[in-house]
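Engineer: test case, fold it:
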Amino acid sequence: MPIVKYGPFQGELEDFPTGLRLFQDSLSRLFSEPASRPWSPAVDIYETENELVVKADLPEVDPKNVGIQLENGTLTLKGERRFEEQKNGKGFHRIERSYGTFVRAFSLPDTVDADKVKADFKNGVLTITLPKKEVAKPKMINVEISQ
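Structural biologist: Presented below is the predicted three-dimensional model:
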């Protein structure tokens, strides 16, 4: 006996009037639209000898809609990417990018000097530079070997 995939409305959908099918398609898209899904920007974090660097991809995000907070060893990024509908009568065929608010939080080591943090926003990339405290920087110590 062959295996048959069950579809409760499979035969009935072909019998639906066109308007009802369009309504059903609209409802399906409504519940699967990226605009209704939360989004979170991609982030790279790397460390150099003197600092920690956080880079966040924020394409089409207005820098005025981005907030950076450093408190109790936690770096928090907040922001919003707004969906702007075209008013000239053109419709979208597909919307895959997510929109809305986001919040990202990262624990930082105690070696970060919170008073010297810098942020730069260029070409849709937010770069946060977190300098290390002097005591946390590596030091070279020469060891003399006695014979």
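
Engineer: use CA for all of it now, contacts and neighbours both
Structural biologist: OK.

Engineer: dump the residue contacts of residue 126.
Structural biologist: 54, 55, 56, 57, 58, 119, 120 (CA atoms under 8 Å, 6 or more residues apart in numbering).

Engineer: now do residue 53
Structural biologist: Contacts of residue 53 (CA under 8 Å, 6+ apart): 45, 46, 47, 127, 128, 129, 130.

Engineer: now do the strands in the chain.
Structural biologist: 43-47, 51-57, 66-71, 74-81, 100-107, 118-122, 125-131 (DSSP state E).

Engineer: nearest residue to the middle of this protein?
Structural biologist: Per CA atoms, centre = their mean, the C-alpha nearest to the average position across the chain is that of residue 41, at 1.2 Å.

Engineer: residues in contact with that residue?
Structural biologist: 56, 57, 58, 102.

Engineer: mind redoing it with 6 Å?
Structural biologist: Going by CA atoms under 6 Å, 6 or more residues apart in numbering, residue 41 touches residue 57.

Engineer: can you tell me how far it is from residue 105?
Structural biologist: 12 Å (CA to CA, to the nearest Å).

Engineer: same deal with residue 67?
Structural biologist: Distance from residue 67 to residue 105, by CA to CA: 12 Å.

Engineer: if I look at residue 147, what pLDDT would I see?
Structural biologist: Looking at residue 147, its pLDDT reads 73.

Engineer: ignore what I typed, I meant residue 39.
Structural biologist: For residue 39, pLDDT reads 81.

Engineer: okay if I get the contacts of residue 126 as a markdown table plus pLDDT?
Structural biologist: Converted to a markdown table, the contacts of residue 126 look like this (pLDDT from 0 to 100):
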| residue | pLDDT |
| --- | --- |
| 54 | 97 |
| 55 | 97 |
| 56 | 96 |
| 57 | 95 |
| 58 | 94 |
| 119 | 96 |
| 120 | 95 |
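
Engineer: buried ones among those?
Structural biologist: Using 16 or more other CA atoms under 10 Å as the burial test, those include 54, 55, 56, 57, 58 as buried.

Engineer: the closest residue to the third one other than its chain neighbours: neighbour count?
Structural biologist: Which is residue 56. Nearest non-adjacent residue to residue 56, counting by CA to CA, 6 or more residues apart in numbering: residue 43, 4.4 Å away. Residues lying near residue 43 (other CA atoms under 10 Å) number 14.

Engineer: mind starting the numbering at 737 from now?
Structural biologist: In the new count, where the first residue is 737, that last one comes out as residue 779.
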